[in-house]
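A.B. asks: Sequence and predicted model, in that order:
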Amino acid sequence: MTGELTHRRVHRASRELLFDCMTTPEHLTHFWGPAGTTTPVDGIVIDLRPGGAFETTMVDDADGGSYTMRAVYAEILRPERLVWIEPGVEGGMRTTVTFVDLKDGRTEVVTHQTNVPAAYMSAEAQAGFATSLDRFDVYLATLERS
């Protein structure tokens, strides 16, 4: 059984910067994955075109185990929307990330997922996803200062 999830987060950054952070290995390595994981830059593949690969390998900081997410980009509309499909996840989990300009220096990032496996719907999995969004906020703050 699969479900649907929507996450919303407002960031103090432009849509262009947020889009670039989500599509550049040198940015993604700083925040991709839940707290307690690391995603080395050499474990990130981005072929930013429809049909192109999007892969990340997260490493568990505690035991060194790794998990690779393999997806294919379905739509790329900079700086408004990114869509990828994970074909190996129960019939193809689809993630749509929409960047909404709030016209005040902030952008709302809406992540909508469909065909989400039950395991990803658990409270623990949702909490892990939230820590990834928190890590993104922390990383964005470092960019503001530089």
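C.D. replies: Received the coordinates, thanks.
A.B. asks: got the contact list for the closest residue to Leu82 other than its chain neighbours?
C.D. replies: Excluding the flanking residues, the one nearest Leu82 by CB to CB, 6 or more residues apart in numbering is Val97, at 4.5 Å. Bear in mind the C-beta positions are built from the backbone N, C-alpha and C, glycine included. Contacts of Val97 were listed using CB atoms under 8 Å, 6 or more residues apart in numbering, and they are Met22, Arg81, Leu82, Val83, Val109, Val110, Thr111, His112.
A.B. asks: what helix or strand does Val97 sit in?
C.D. replies: Per DSSP states H and E, Val97 falls inside strand 93-101.
A.B. asks: what's the neighbour count on Gly51?
C.D. replies: 8 (other CB atoms under 10 Å).
A.B. asks: That one against Val72, yeah?
C.D. replies: Yes: the pair Gly51 / Val72 is scored as a contact, 6.3 Å apart, by CB atoms under 8 Å.
A.B. asks: just checking, which of the contacts of Val97 belong to helices?
C.D. replies: Met22 (DSSP state H).
A.B. asks: Quick one: buried ones out of the contacts of Val97?
C.D. replies: For the contacts of Val97, a burial check counting by 16 or more other CB atoms under 10 Å picks out Met22, Arg81, Leu82, Val83, Val109, Thr111.
A.B. asks: any idea how far Glu55 is from the nearest residue to the second one once chain neighbours are set aside?
C.D. replies: Using CB to CB, 6+ apart and skipping residues adjacent in sequence, the residue nearest Arg81 is Thr98, 5.2 Å away. Relative to Glu55, Thr98 is positioned 22 Å away (criterion: CB to CB, to the nearest Å).
A.B. asks: Brilliant, that's me finished.
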